[in-house]
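In: Sequence and predicted structure are below.
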Amino acid sequence: MGFSEKIRRYGAYSRNQSDSSQVGTLPRAHRASIQGIQIGNWEGNGAESYGESRQVMKKHIVIALAGNANVGKSVIFNHLTGMHQHIGNWPGKTVERAEGTLHFKGYTIDIIDLPGIYSLSTFSIEEIISREYIAIENPDLVINVVDASVLERNLYFTLQLIELETPMIVALNQMDMATKKGIKIDHKRLEKILGVPTIPTIAPSHTGLYELLQAAVNIIEKRNGTPSKIEYGKEIEEKIQKLSKLVERFQLPFPARWVAIKLLEGDKQVEGKIRQLDPRTLSVVKRLVKEIESVHGHSCSTVITSERYEIAGCIAREVQQIVPPLMPPIRERLHTLTTHGIFGYPIMAAIILSVFFGIFSFGDYTSGLTSDLLYGLEHIFQNLFGSGIVAKLVWGSIGEGLISGISIALPYLLPFYFVLYILEDSGYLCRVAFLMDNVMHKMGLHGKAFIPMMLGFGCNVPACLGCRIMETERERLLTIFVVTLVPCAATTVIILGLVGAYMGFEWAFLLYVVDLIIIFALGRAAFKALPGEPTGLIMEMHDYRVPHAQTVLKQTWFRLKEYIKMALPLIIAGSFVIKLADILNLLEPTADVLSPITVSWLGLPAITGIALIFGVLRKELTLIMLATLLGTSNFAEALEPVQMIVFTLVAMLYIPCISTIGALVKEVGWKKAVSITIFEIAFAIVVGGAANRLLLLADIL
Ligand SMILES: Nc1nc2c(ncn2[C@@H]2O[C@H](COP(=O)(O)OP(=O)(O)OP(=O)(O)O)[C@@H](O)[C@H]2O)c(=O)[nH]1
Ligand SMILES: [Mg+2]
């Protein structure tokens, strides 16, 4: 939805309406989402009488939680709204939108957990979403969650919210962390300076959350939530005021002062809006910007940013008192060690390897166990339904589809997500991103992209979903593309089970190296093909901490649920098609159709074509089916060494498996998913054919 459309659509919903008629004037998007949600109950400690709450029961408030990443918004959100939130996507975006509802003191309060951001510019999708939500959809109130242990950096964002003149409250969260660091904050003083109610909180222990809701209700009832005006230095302030007067007449849905500041900062979206209304204003802006730049010798947006930081610093210095602990805390020493230019890398390698080893061993063991257990049911199924065509089809699609789905999901994904979120919540993952930043920049990405790539070694599905952490659409697409080429655990089964077992570990290792080179080369080529610059690594590196069990378990469950909802139906549908083809005896003719590629170009036996088709379901099925089709699990009897290498190379690169395709569709849409898939098939065939000829020519095997 475009900028102006949104204004028109939501324009009728004005701020500070809290009477009972408001439910009717909620934007449609809100009403629809509220209906489907289970409602948490937070009636306080029963301070109000039943009659009182009934009288005001219809009142409806919309509150947005906004703030930097990792400050505790979701912990607050989860606690307030319970486990029954509604998690969807922002319209047209791959950023999660979490909403929930609670009752408090007779109010129905709808809470939106906005994505973590550092400014209200338009550099990332998250920023655009949050800014449009706050400025255009006008929640009744914004709760700005602030990390009290890094107050200055967080206040930079608070100042921008204040500029938007949104009714707001500051939740001064992580007070326990601040105290541990020896930081004392005078929150009353902060409240006075900002002109905004400021409530100290410790989200995991629910401290201060009741007071937070009480303050929200107070604001709505007294409508006293308008923050102080934060003034810039004289030079800038004069220009802001001049411009504010000029833009006042346009009756924009934003405060004139905010529009003036954004114009001076060179905000493209606001500029576009003003250009439509009166292009002459922009020439005034240009002149004022030039004046500022000639005085300061820096770009106007840099000058405004640094003034804002200066103000944030002044406020922080005024309200906080620092009593440094005598010994640097253990987490600081851990931070220094794990981000060290030399020691950081072996530590990272050791951690990643042990994580992989742990997950792989666990997955391997439990995958075998679950699939043995579930395949045991086939016997019972046959006894009940016989082995006619329909029964075969039902078992082959639903039964086997479910079995392969479950024996991937539970053994690999579950520990994967669990460990991932432990690493993330403890703070280690962002340190890995920091260490890998240089390498990733060569592919036009930054260090964060390494995180989904790492996941890709286990399973490409969570890796694709993990690409959501990238800031821009372009980076998401690039990372997703690279991630689908990473050899997953199932590909590892082929590499080790065929090349490793029959030709030696060194050949298997070589294939890995070749794959990494290919990933790097294709990543770079895609980077060149997709216009745009990589964004810098702007990432919060919060302090190390003991992971919060509830957060980790909840996130693991949400991701797992997503996989079950998305991938299982696809796996079942895919199994159905292949089983049907098998029953209708279409597999062999298909192998014949494929033989110009498999036999003539790749130099493989024709039967491998069928095995490769099965690999679309799960990559290791390629090997399993090959054994079935060849009638032996001694591959040396049927394949030459060159054929083993070519077959494995093709299986590694040829297509993302069906679950990954499902994840791709979900993340980048049908068109791009199909393009990536077709490209990878073609690429694998080219590489496989070339490898066949080269290896035969070199005659080393
Ligand atoms: N010690 C302490 N930890 C906290 C507090 N609030 C949140 N945390 C921890 O901070 C981490 C991040 O919390 P989240 O609620 O996920 O942060 P968020 O603001 O939603 O982060 P994004 O979704 O990335 O924007 C979790 O491990 C929480 O357990 C607090 O008051 N004290
Ligand atoms: Mg969150």
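Out: That came in fine, so what should we check first? Ligands and ions are numbered 1, 2, ... in the order given.

In: SS state for residue 70?
Out: Secondary structure, DSSP: H, G, I helix; E, B strand; the rest coil: residue 70 is coil.

In: Nearest residue to it in space, please, no chain neighbours.
Out: Nearest residue to residue 70 in three dimensions, chain neighbours excluded: residue 542, at 4.9 Å (C-beta to C-beta, 6 or more residues apart in numbering). Just so you know, the C-beta spots here come from the backbone N, C-alpha and C atoms, and that holds for glycine as well.

In: for residue 397, same thing?
Out: Nearest to residue 397 is residue 576, by C-beta to C-beta, 6+ apart, at 3.4 Å.

In: near ligand 2, which residues of this protein?
Out: For the chain, the contact set with ligand 2 under C-beta under 5 Å from the ion comprises 73-74.

In: Quick check: residues of the chain near ligand 1?
Out: Residues of the chain lying close to ligand 1 (C-beta under 6 Å from any ligand atom) are 69-75, 115-116, 173-174, 176-177, 202-204, 425, 545, 548, 551.

In: Now restrict those to buried residues only.
Out: Among the residues of the chain next to ligand 1, those classed as buried by 16 or more other C-beta atoms under 10 Å are 69-75, 115-116, 173-174, 176-177, 202-204, 425, 548, 551.

In: Select from those residues every entry located in strands.
Out: residue 173 (DSSP state E).

In: Can you read off the pLDDT for the closest residue to residue 124 other than its chain neighbours?
Out: Nearest non-adjacent residue to residue 124, counting by C-beta to C-beta, 6+ apart: residue 471, 4.0 Å away. Residue 471 is assigned a pLDDT of 71 by the prediction.

In: sorry, back to before: neighbours around the residue nearest to residue 70, how many?
Out: Residue 542 has 19 neighbouring residues, counting by other C-beta atoms under 10 Å.

In: I'd say it and residue 427 touch.
Out: Yes - between residue 542 and residue 427 there is a contact at 5.5 Å, judged by C-beta atoms under 8 Å.

In: quick one on the thing from earlier: where does the residue nearest to residue 70 land in three-state SS?
Out: Three-state secondary structure (criterion: three-state DSSP) places residue 542 in coil.

In: Any figure for the gap between residue 350 and residue 508?
Out: The gap separating residue 350 from residue 508 is 22 Å, by C-beta to C-beta, to the nearest Å.

In: With neighbour numbers in mind, choose between these two.
Out: When residue 350 is set against residue 508 and neighbours are counted by other C-beta under 10 Å, the residue ahead is residue 508, at 20 against 10.

In: tell me the contacts of the closest residue to ligand 2 within the stretch 51-200 of the chain?
Out: With C-beta to the ion as the measure, residue 74 is the residue of the stretch 51-200 of the chain nearest to ligand 2, at 3.2 Å. By C-beta atoms under 8 Å, 6 or more residues apart in numbering, residue 74 lies in contact with 98, 113, 551.

In: Could you do residue 73 as well?
Out: Neighbour list for residue 73: 65-67, 113-114, 116, 145 [criterion: C-beta under 8 Å, 6+ apart].

In: pLDDT score for the residue nearest to residue 70?
Out: 75.

In: Pull up the gap between it and ligand 2, please.
Out: Distance, residue 542 to ligand 2, by C-beta to the ion, to the nearest Å: 13 Å.

In: so what's that residue up against?
Out: Going by C-beta under 8 Å, 6+ apart, residue 542 touches 70, 147, 150, 427, 430.

In: So which of these belong to helices?
Out: In this view, the contacts of residue 542 that belong to helices under DSSP state H are residue 430.

In: Now do the end-to-end distance for stretch 579-593.
Out: 18 Å (C-alpha to C-alpha, to the nearest Å).

In: which residues touch whichever residue of the chain sits closest to ligand 1?
Out: With C-beta to the nearest ligand atom as the measure, residue 116 is the residue of the chain nearest to ligand 1, at 2.3 Å. By C-beta under 8 Å, 6+ apart, the contact set of residue 116 is 67-71, 73, 126, 540.

In: Wasn't residue 108 part of a strand?
Out: Yes - judged by three-state DSSP, residue 108 forms part of a strand.

In: ok, back up a step: how about the contacts of residue 73 in a markdown table, adding pLDDT, secondary structure and distance to residue 556?
Out: As requested, the contacts of residue 73 are exported to a markdown table (pLDDT from 0 to 100; DSSP: H, G, I helix; E, B strand; the rest coil; distance: C-beta to C-beta, whole Å):
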| residue | pLDDT | secondary structure | distance to residue 556 |
| --- | --- | --- | --- |
| 65 | 96 | strand | 22 |
| 66 | 95 | strand | 26 |
| 67 | 94 | coil | 24 |
| 113 | 93 | strand | 18 |
| 114 | 91 | coil | 23 |
| 116 | 88 | coil | 19 |
| 145 | 97 | strand | 23 |
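
In: Go through the residues you listed and single out the one with the most neighbours.
Out: residue 145 (31 neighbours).

In: ok, it touching residue 173?
Out: Yes - using C-beta under 8 Å, residue 145 is in contact with residue 173, at 5.3 Å.

In: Could I get the full set of strands for the stretch 1-150 of the chain?
Out: Under the criterion DSSP state E, counting those that start in this stretch, strands of the stretch 1-150 of the chain are mapped to 39-41, 59-66, 86-89, 96-104, 107-113, 141-147.

In: in its sheet, what does the second one sit against?
Out: Right, the one you point to is strand 59-66. Note on strand 59-66: by DSSP bridges, its sheet partners are strand 107-113 (parallel), strand 141-147 (parallel).

In: hey, which helix is longest across the chain?
Out: For the chain, the longest helix by residue count, based on DSSP H, is helix 658-698.

In: which other helices and strands contact that one?
Out: helix 460-466, helix 473-483, helix 549-583, helix 641-653 (3 or more C-beta pairs under 8 Å, 6 or more residues apart in numbering; DSSP states H and E).

In: run the last query once more with 10 Å
Out: helix 400-408, helix 460-466, helix 473-483, helix 505-529, helix 549-583, helix 641-653 (3 or more C-beta pairs under 10 Å, 6 or more residues apart in numbering; DSSP states H and E).

In: and those, which one's lowest on average pLDDT?
Out: Mean pLDDT per stretch puts helix 400-408 lowest among the helices and strands packed on helix 658-698, at a mean of 72.

In: what about the residue nearest to residue 80 when sequence neighbours are not counted, how many residues close to it?
Out: On the basis of C-beta to C-beta, 6+ apart, the spatially nearest residue to residue 80 that is not a chain neighbour turns out to be residue 102, at 5.4 Å. Using other C-beta under 10 Å, residue 102 has 20 other residues around it.

In: Could you pull up the residues touching residue 166?
Out: 15, 64, 66, 134-135, 138-142, 144, 196, 225-227, 255, 258 (C-beta atoms under 10 Å, 6 or more residues apart in numbering).

In: Report the buried members of these.
Out: The neighbour-count criterion (16+ other C-beta under 10 Å) marks 64, 66, 134-135, 138-142, 144, 196, 225, 227, 255, 258 among these as buried.

In: Taking those together, which two end up most distant?
Out: Greatest spatial distance among those (C-beta to C-beta): 140 and 258, at 18.4 Å.

In: Where does pLDDT dip in the stretch 151-300 of the chain?
Out: For the stretch 151-300 of the chain, the stretches with pLDDT under 70 are 223-226.
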